[in-house]
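Enquirer: with the sequence up front, the predicted model follows.
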Amino acid sequence: MPWVPVQFKGKDVWAEVDESGAAVVTGGLRKVRYSQAAGARLYTANAGNIQSTGAAVVHLPEPAEADEPRAPRAAGSGFGKAGTRTAAQAAAANVDAKTRIAALAPDVIRAFTDGACSGNPGPAGSGCVVKFPDGRLIERHKALGEATNNIAELVAIGMALEVLRAENTDPASRIVIFSDSSYCRGVLTQGWKAKANGVLIRKLKEAMAQWPGAELHWVAGHVGIPENERADALAGKGVYESR
């Protein structure tokens, strides 16, 4: 199995790569190991916290099974669904989201997106909050008229990308977009075959490609993350204006 020596939070580790030497990234995470020995334990690390050392790829003995990634979580995450979560599930989801957000490097642009509709389809709206490392905070909302929840979630991501474009964001920037939609993450980054919204999905993929450092992460909604709650409120404003 190919690995490459890298730095992770000041430590020398090995990160998984493919046969061409390209980083293997899943949901913004990479597998790393602290030992070259056979059966070494694997861990998952935020790709943004891994620094290349320019070292050559090496083939190491088979590791142990990787720990379960902490992010992104989707159906079956153990956090339940918004509106029906137990107090313990809500607390766990809150800690999970805060931990992953806090782990981001200071230079990462963070975007929080949400979509909503009253009925599905029904009056719909989208909202986004984009936080730049220099302190800028930009909010947007949009009334969509009659639409589905999935469309509203996708449009919200597109709005965040529009903010990046309007702010002349450097293509080399590191960006993490948080969405509580496992559907969006699936069709945009996980190869899910969409039965609808094909044109919108294709345009979003093309837009995301303008920022190779952009990642889309799932985060539980309605668990007290201020920017997430604000994106939800903005989406609700769009619903109101669509009525």
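Expert: Perfect, thanks for sending it.

Enquirer: neighbours of residue 140, just the number please.
Expert: Here the number of neighbours of residue 140 (other C-beta atoms under 10 Å) works out to 19. Bear in mind the C-beta positions are built from the backbone N, C-alpha and C, glycine included.

Enquirer: give the bridge partners for it, please.
Expert: residue 128 (DSSP bridges).

Enquirer: after the lowest-mean-pLDDT helix or strand in the chain, which helix or strand is next?
Expert: In the chain, no helix or strand scores lower on mean pLDDT, DSSP states H and E than strand 42-46, which sits at a mean of 80. Proceeding C-terminally, strand 42-46 gives way to strand 50-52 as the next helix or strand, assigned by DSSP states H and E.

Enquirer: what about the helix or strand hosting residue 91, distance to the chain center?
Expert: In this assignment (DSSP H and E), residue 91 forms part of helix 87-102. Distance, stretch centre to chain centre, for helix 87-102: 15 Å (C-alpha atoms, centre = their mean, to the nearest Å).

Enquirer: swap in stretch 131-142?
Expert: Offset of stretch 131-142 from its chain centre (C-alpha atoms, centre = their mean): 17 Å.

Enquirer: what about it, average pLDDT?
Expert: Averaged across stretch 131-142, pLDDT comes to 97.

Enquirer: sorry, back to before: alpha carbons of the least confident helix or strand of the chain, as CSV, please.
Expert: The C-alpha trace of strand 42-46 is given here as CSV (Å, rounded to 0.1, in the frame of the first residue of the first chain):
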residue,chain,number,x,y,z
LEU,A,42,-4.8,4.0,11.2
TYR,A,43,-6.3,7.3,12.1
THR,A,44,-8.3,9.9,10.1
ALA,A,45,-7.1,13.4,9.9
ASN,A,46,-8.5,16.6,8.4
